[in-house]
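**Q** Sequence and computational prediction follow.
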Amino acid sequence: MPSIVETAASADIDPPAFPPSDEFAASANASAELYDEAERDRLAFWDKQARRLAWETPFGEVLDWSEAPFAKWFVGGKLNVAYNCVDRHVEAGNGDRVAIHWEGEPVGDQRTITYAELKDEVSQAANALTDLGLVAGDRVAIYMPMVPEAIVAMLACARLGVMHSVVFAGFSASALRARVEDAEAKLVITTDGQYRRGKAASLKEAVDEAVKDQECVEHVLVVRRTGIDTAMTEGRDVWWDEVVPKASTDHTPEAFDAEHPLFLLYTSGTTGKPKGIMHTTGGYLTQSSYTHFNVFDVKPETDVYWCTADIGWVTGHTYIVYGPLSNGVTQVVYEGTPTSPTEHRHFEVIEKYGVTIYYTAPTLIRTFMKLGRQIAAEHDLSSLRLLGSVGEPINPEAWRWYRTVFGADKTPIVDTWWQTETGSIMISPLPGVTDAKPGSAMTPLPGISAVIVDDDGKQLEPGTDHGEQANGYLVLDKPWPSMLRGIWGDPERFKETYWSRFAEQGWYFAGDGARYGADGEIWVLGRIDDVMNISGHRISTAEVESALVGHSGVAEAAVVGASDEQTGQAICAFVILKASAKADDANMVEELRAEVAKEISPIAKPREIHVVPELPKTRSGKIMRRLLRDVAEGRELGDTSTLVDPSVFEAIRASK
Ligand code: PRX
């Protein structure tokens, strides 16, 4: 891994801070006392947060770290996640509260689901899954658009102690296949089709391709969403509407151990093979619920919360399903693309439901910025009282625009840093309590510890001007409840990926570069490994490279993420073609982009593909991605002294 100093770009450090308003602070869920409490006794603090949930069997020890890095939180405790997210609110007399205002992509398509209705539907789905032969510990792949049944399916799995593995419905059949195979899923839940910009397209066909000849898959459960023609395989495929509504609404949830696995979520690492990040029950729900309550300041009786993520990503898991539902809030779930049928759609949804808390990604904010503030100005956004950002660094300009245009120059913004692996938010301002600086995620939440260190693991001193040495590695130096418990089927890769860089100290290395600002706040600078962040979507260079070399015309490929004004980073590929394929370069580039879409997803299509005669390599044969990044971003080349043949760049430049 290259040294941090030469890789990470420096940020616009030290803009003026936005202090919390007195008005917001007066009724905020969080207070400064939380920091003191956690500081005094971190484990006692988490003990108290865990008690916000309903446990069937109380836990003993808060943390068992004796087999680090394999943690056990809330040892011996038992609980049911779905009970905590649904039944408990009904029992408390809140069954009539709306859990989900669902807004379909076709205008006018909507559903309102109360907590009582959600309880019935989750129970029916749990009974139907049991009838299909699923038992605790099994894996179910969920490959669905943002329909209520997707959330019901996740909760039904949680209720049964079955692990779900949600695969983003924008992924291709081969990406789904790899994930189904790795998890040995027994069931795939999907829809007949999905709407994208008003058009219905099949989804089930991709499932058919993905599960063909996969012995582990016993059934495919299909929700009818679009009504398009769908082939069903006798004995294997089952329509959701033929089994779930008929099932009983009575279902007694069984309590599972705090460390019982809850779900797998595949994410990109630095190799071509995605890794199944494993989360468990008690710690995950404790931190998801605690962070959702305090970072978003939710008042379940009055707020209308909207997180615009997709359940295919971790943000959808934690801040659409488990966080909000464990807190009993009312939320909006929107099925479609943000600008369909017009660029007014998101603003209309905010207005229609009186959304009070809005959580989205910087890429979308930049899209709205580009469309211009007059679109937002045509809508009444005065219900908004808190805004959130996640997924990538937010540039200060977008932060300020977000606050002015969405937030009437007064709402707090929470810039939340976390990862699939961390399970829930780790670094963020606390609204009503801490200052916020545009572009900084600020400081670790109460109960969380994160530090920035240099190559040798020495902590950079917050608030000091380090000049050239200011950039460091972001590490989590103490375990946290919602931490991943491993990579599915690969404990060695788990240790190697996250715990080997600072093995001596026993720290988790997050893969991000960061630096301290003048007041000791953290500025996350982005990934310093071979993981790219495209519109907040995590894609590895190796995955795209392997899709490219999978094409018969490609001899070699190297992929880098280059900065992009709109999407944060964009994929730039450099390929060497085989002699036989050189005839028609122009068509080839399009063919290769299509190949990547087919192998991974349209979101992984390279912005640019350059056909080059050679790739820059070190004497040991390693591709110098850093130099390719310089080329892609039009910068002066960095140090080329370790290259076998520095003149290769003349040829590469000429290809651009
Ligand atoms: O580089 C960081 C960036 O997104 C990565 C995690 O990606 P993923 O596991 O897909 O989860 C995204 C949603 C939590 C991180 O390693 N990242 C996430 N949030 C921020 C961020 N970078 C800067 N600021 C953030 N708020």
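**A** Looks like it arrived, so ask away. Numbering: from 1, shown residues only.
**Q** Report the central residue of the chain.
**A** Residue closest to the average C-alpha location in the chain (C-alpha atoms, centre = their mean): Val314, at 3.4 Å.
**Q** Who are the contact partners of it?
**A** Leu265, Thr267, Trp418, Gln419, Thr420, Gly423 (C-beta atoms under 8 Å, 6 or more residues apart in numbering). The C-beta positions use only the backbone N, C-alpha and C, and glycine is treated the same way.
**Q** among those residues, which ones are buried?
**A** Leu265, Thr267, Trp418, Gln419, Thr420, Gly423 (16 or more other C-beta atoms under 10 Å).
**Q** which one of the residues you listed sits closest to Val644?
**A** Thr267 (33.8 Å; C-beta to C-beta).
**Q** Run a quick check on that closest one versus Arg538, I expect a contact.
**A** Yes: the pair Thr267 / Arg538 is scored as a contact, 5.7 Å apart, by C-beta atoms under 8 Å.
**Q** Spit out the residues that contact these two alike.
**A** Common neighbours of Thr267 and Arg538 (C-beta under 8 Å, 6+ apart) are Thr420.
**Q** what stretches of the stretch 551-656 of the chain score poorly on pLDDT?
**A** For the stretch 551-656 of the chain, residues meeting the criterion pLDDT under 70 lie at 583-585, 655-656.
**Q** hang on, the earlier thing: secondary structure and distance to the ligand added to the contacts of Val314, as TSV?
**A** Shown next, in TSV, are the contacts of Val314 (DSSP: H, G, I helix; E, B strand; the rest coil; distance: C-beta to the nearest ligand atom, whole Å):
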residue	secondary structure	distance to the ligand
Leu265	strand	9
Thr267	strand	5
Trp418	coil	5
Gln419	coil	4
Thr420	coil	3
Gly423	coil	9
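**Q** show me the contacts for the nearest residue to Met624 once chain neighbours are set aside.
**A** Spatial nearest neighbour of Met624, excluding adjacent residues (C-beta to C-beta, 6 or more residues apart in numbering): Pro616 at 4.6 Å. Going by C-beta under 8 Å, 6+ apart, Pro616 touches Ile623, Met624, Leu627, Leu628, Thr640, Leu643, Asp645, Val648, Phe649, Ile652.
**Q** What subset of those is buried?
**A** Ile623, Met624, Leu627, Leu628, Leu643, Val648, Phe649, Ile652.
**Q** Filter these down to the ones in helices?
**A** The helices, defined by DSSP state H, take in Leu627, Leu628, Val648, Phe649, Ile652 from those.
**Q** Identify the residue spatially nearest to the second one, adjacent ones excluded.
**A** Of all residues not flanking Leu628 in the chain, Val560 sits nearest, at 4.7 Å (C-beta to C-beta, 6+ apart).
**Q** and that neighbour, what are its bridge partners?
**A** Bridge pairing for Val560 (DSSP bridges) gives the partners Cys572.
**Q** Hmm, it is touching Arg629, no?
**A** Yes: contact criterion C-beta under 8 Å: Val560 and Arg629 qualify, at 4.6 Å.
**Q** Between the two, which is the more surrounded one?
**A** Val560 (26 against 18; other C-beta atoms under 10 Å).
**Q** Now do the same contact list for that one.
**A** Val560 touches Met532, Thr541, Ile571, Cys572, Phe574, Arg625, Leu628, Arg629, Ala632, counting by C-beta under 8 Å, 6+ apart.
**Q** which two from those end up farthest apart in space?
**A** Farthest apart among those - using C-beta to C-beta - are Met532 and Phe574, which lie 14.3 Å from each other.
**Q** Turn the contacts of Pro616 into JSON lines, columns for distance to the ligand.
**A** Shown next, in JSON lines, are these (distance: C-beta to the nearest ligand atom, whole Å):
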{"residue": "Ile623", "distance to the ligand": "22"}
{"residue": "Met624", "distance to the ligand": "22"}
{"residue": "Leu627", "distance to the ligand": "22"}
{"residue": "Leu628", "distance to the ligand": "20"}
{"residue": "Thr640", "distance to the ligand": "28"}
{"residue": "Leu643", "distance to the ligand": "28"}
{"residue": "Asp645", "distance to the ligand": "33"}
{"residue": "Val648", "distance to the ligand": "30"}
{"residue": "Phe649", "distance to the ligand": "29"}
{"residue": "Ile652", "distance to the ligand": "27"}
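**Q** Tell me how far the closest residue to the ligand within the stretch 51-200 of the chain lies from Val575.
**A** With C-beta to the nearest ligand atom as the measure, Phe168 is the residue of the stretch 51-200 of the chain nearest to the ligand, at 10.7 Å. Distance, Phe168 to Val575, by C-beta to C-beta, to the nearest Å: 26 Å.
**Q** more neighbours, the two?
**A** Remark: of Phe168 and Val575, Val575 carries more neighbours, 26 against 21, as counted by other C-beta under 10 Å.
**Q** My guess is that one contacts Val559. True?
**A** No: if you go by C-beta under 8 Å, Val575 and Val559 don't touch, sitting 9.1 Å apart.
**Q** anything in contact with each of these two?
**A** Common neighbours of Val575 and Val559 (C-beta under 8 Å, 6+ apart) are Leu548.
**Q** For the lengthiest helix in the chain, what is the distance to the chain centroid?
**A** The residue-count maximum for a helix in the chain (DSSP H) belongs to helix 115-131. Relative to the chain's own centre, helix 115-131 is displaced by 26 Å; criterion: C-alpha atoms, centre = their mean, to the nearest Å.
**Q** pLDDT on it, on average?
**A** For helix 115-131, mean pLDDT rounds to 98.
**Q** Skip ahead from it and say which helix or strand is next.
**A** Next helix or strand after helix 115-131 toward the C-terminus (DSSP states H and E): strand 139-143.
**Q** List the neighbouring strands of that following strand plus their orientation.
**A** strand 163-166 (parallel), strand 187-191 (parallel).
**Q** Could I get the contacts of Val314 in CSV, plus columns for pLDDT?
**A** CSV is the format used below for the contacts of Val314 (pLDDT from 0 to 100):
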residue, pLDDT
Leu265, 98
Thr267, 93
Trp418, 98
Gln419, 97
Thr420, 97
Gly423, 98
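**Q** circling back to that earlier point, for the ones in helices among the buried ones among the contacts of Pro616, name the two members farthest from one another.
**A** Maximum distance among those (C-beta to C-beta): 10.6 Å, for Leu628 and Val648.
**Q** Overlap of the contact sets of those two?
**A** With C-beta under 8 Å, 6+ apart, Leu628 and Val648 have common neighbours Leu615, Pro616.
**Q** Tell me which other helices or strands the helix or strand containing Val238 touches.
**A** Using DSSP H and E, Val238 maps to strand 237-239. Other helices and strands packing on strand 237-239, by 3 or more C-beta pairs under 8 Å, 6 or more residues apart in numbering; DSSP states H and E, are strand 219-223.
**Q** Pro429: which of the contacts of Pro616 is nearest?
**A** With C-beta to C-beta as the yardstick, the closest approach to Pro429 among the contacts of Pro616 comes from Leu628, at 36.1 Å.
**Q** quick one, what contacts the closest one?
**A** Ala558, Val560, Cys572, Phe574, Leu615, Pro616, Ile652.
**Q** and if you look at Ser535?
**A** Taking C-beta under 8 Å, 6+ apart, one finds Ala361, Thr363, Gly391, Glu392, Thr567, Gly568, Ile603 in contact with Ser535.
**Q** Touching, Phe574 and Phe649? I think so.
**A** No: the criterion here is C-beta under 8 Å, and Phe574 misses it with Phe649 at 11.2 Å.
**Q** How about the residues of the stretch 1-150 of the chain by the ligand?
**A** Counting by C-beta under 6 Å from any ligand atom, the stretch 1-150 of the chain comes close to the ligand at no residue.
**Q** Quick one, grab the pLDDT at Asn471.
**A** 89.
**Q** what's the burial count for it?
**A** There are 25 residues near Asn471, going by other C-beta under 10 Å.
**Q** Before I go, just wanted to say thanks for your time.
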